[in-house]
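> next one to model:
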Amino acid sequence: MILTGPEIQARVASGEITLRPFDPALLSPNSYDLHLDDIGWYREKVLDCARDNPFERHTIPPEGLVLSPGRIYLAATAETIGSDHVVPIVRARSSIARLGLFVHVTADLIDLGSHGRLTLQLHAVQPVRVYPGLRIAQITFWTTVGAVRLYDGKYQGSERAMPSQSHRDFPNGDGGGVHDRQW
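From the prediction side, this is the model:
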């Protein structure tokens, strides 16, 4: 079941949900709005799942930054989010989606027990200008059923936009021997 806005606020107050900073004005009937912070992109045109891809971080200038089609941008939320009790799911705000900006391309589920600033995967259908502090996404919280095992993975405690760490899933954590392994 999805939590309502008042229930999100109650669980933030009780400490069951980490949501910092928290502003009740950003609650909606069943979600909470999130803001855009730092942004980055990969330097290479071809990305490799078995390698640590070069990534550069940027601050969005006050006059905004135009996101271009054909590239993935990784951006952090200004808010720190997490819970050991309910599962956060992040999505675009409809106003942003209507501009053709995909905010969390495919990985919208935040694991139970994950805490940190979220990395949004931004993809523009056509050029779109974004601004620092833009209300870009919304987060919902869902109750769980069954035994709980908390996340303790490679993105735990993120403080900035985090590039892919898929290379750590390969032998030696650097993609070495990837073609020799039987999956």
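> just confirm Gln9 contacts Leu26, I think it does.
No: contact status for Gln9 versus Leu26: not in contact, 10.2 Å apart, counting by CB atoms under 8 Å. Just so you know, the C-beta spots here come from the backbone N, C-alpha and C atoms, and that holds for glycine as well.
> for Glu159, list the residues it contacts.
76, 116-117 (CB atoms under 8 Å, 6 or more residues apart in numbering).
> where does the nearest residue to Leu27 once chain neighbours are set aside fall, phi/psi-wise?
Excluding the flanking residues, the one nearest Leu27 by CB to CB, 6 or more residues apart in numbering is Gly5, at 3.9 Å. Gly5 adopts backbone torsions of phi -50, psi -50, taken as degrees, to the nearest 10.
> likewise for Ile89?
Torsion angles, degrees, to the nearest 10, at Ile89: phi -130, psi 130.
> tell me the confidence at it?
On pLDDT, Ile89 comes in at 96.
> mind checking how far it is from Phe22?
Note on Ile89: its distance to Phe22, by CB to CB, to the nearest Å, is 18 Å.
> now for Gln9 and Leu26: what residues contact both?
Taking CB under 8 Å, 6+ apart as the criterion, Gln9 and Leu26 do not both touch any residue.
> circling back: from the contacts of Glu159, pick the one nearest Lys154.
Lys154 lies nearest to Gly116 out of these, by CB to CB, at 11.3 Å.
> what's the nearest residue to that closest one if we skip its chain neighbours?
Nearest residue to Gly116, sequence neighbours excluded (CB to CB, 6+ apart): Ser158, at 3.8 Å.
> so that neighbour sits against Leu120, correct?
No: with contact defined as CB under 8 Å, Ser158 and Leu120 do not form a contacting pair (11.5 Å).
> now the common contact residues for these two.
Taking CB under 8 Å, 6+ apart as the contact rule, Ser158 and Leu120 both touch Ala76.
> between those two, who's got more neighbours?
A direct count of neighbours by other CB atoms under 10 Å for Ser158 and Leu120 places Leu120 higher, at 26 against 17.
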